[in-house]
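Please find the sequence and the predicted model below.
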Amino acid sequence: MKKVFITLLVFLGSFAVEAQELKWETDINTAISVSNKTKKPMLLFFTGSDWCGWCIRLQKEVLKTPEFTKWAKKNVVLVELDFPNAKQQSDAIKTQNNDLQQIFGIQGYPTVYFATAKIKNGKPSYTGLGKTGYVAGGPSAWLNVANEILKNK
């Protein structure tokens, strides 16, 4: 009985490790810190997660695929900047997201902005690398666009 339990535990544990999801930062200061430590640019995903059809489609067709997961772990620090209708957010996150929307001139969703940042005089100074949104053709088409943008880093 003990062997069966241990075998089952190892089996289920392997699924848990395999199914680990990507880490999406929601705090820009944490994301900047990770970006600077890892020398990876940030992928800023401006989304309306609970109302924007194109955002949901981008998530389903690209951002939640194994191809994107593999690429993202190697290339970027992920940051979700959400503007939901029904989902609750703290006032600090709402203010942060609105400020970043203004800084990057976001006018529609989804917008994916690639950027780096340094802290100067206690405030972030951003360098934009480029932006995209939904790209038809699945993960490979979207990743081709992203890789072209990241050539500029």
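Yes, it's here.

Check which element follows the helix or strand bottoming out on mean pLDDT in the chain along the chain.
Lowest on mean pLDDT, DSSP states H and E among the helices and strands of the chain sits helix 2-18, with a mean of 44. Once helix 2-18 ends, the next helix or strand along the chain (criterion: DSSP states H and E) is strand 24-25.

contacts for that following strand?
31, 34, 45, 77-80 (Cβ atoms under 8 Å, 6 or more residues apart in numbering). (Each C-beta comes from the backbone N, C-alpha and C, glycine too.)

From the chain's centre, how far out is it? Work that out for me.
Remark: strand 24-25 is offset 6 Å from the chain centroid, using Cα atoms, centre = their mean, to the nearest Å.

Strand partners (parallel or antiparallel) of that strand?
For strand 24-25, the pairing partners within the sheet under DSSP bridges are strand 77-82 (parallel).

ok, and what's touching stretch 99-107?
So stretch 99-107 is contacted by 28, 44, 46, 81, 83, 111, 113, 115, 126, 128, 131 (Cβ under 8 Å, 6+ apart).

Now the buried members of those residues.
Among the contacts of stretch 99-107, those buried by neighbour count (16 or more other Cβ atoms under 10 Å) are 28, 44, 46, 81, 83, 111, 113, 115, 126, 128, 131.

what about the helices in the chain?
2-18, 28-38, 53-58, 66-75, 91-103, 138-150 (DSSP state H).

got these as a markdown table, with distance to residue 120 columns?
As requested, the helices of the chain are exported to a markdown table (distance: least, Cβ to Cβ, whole Å):
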| stretch | distance to residue 120 |
| --- | --- |
| helix 2-18 | 40 |
| helix 28-38 | 11 |
| helix 53-58 | 32 |
| helix 66-75 | 25 |
| helix 91-103 | 14 |
| helix 138-150 | 23 |
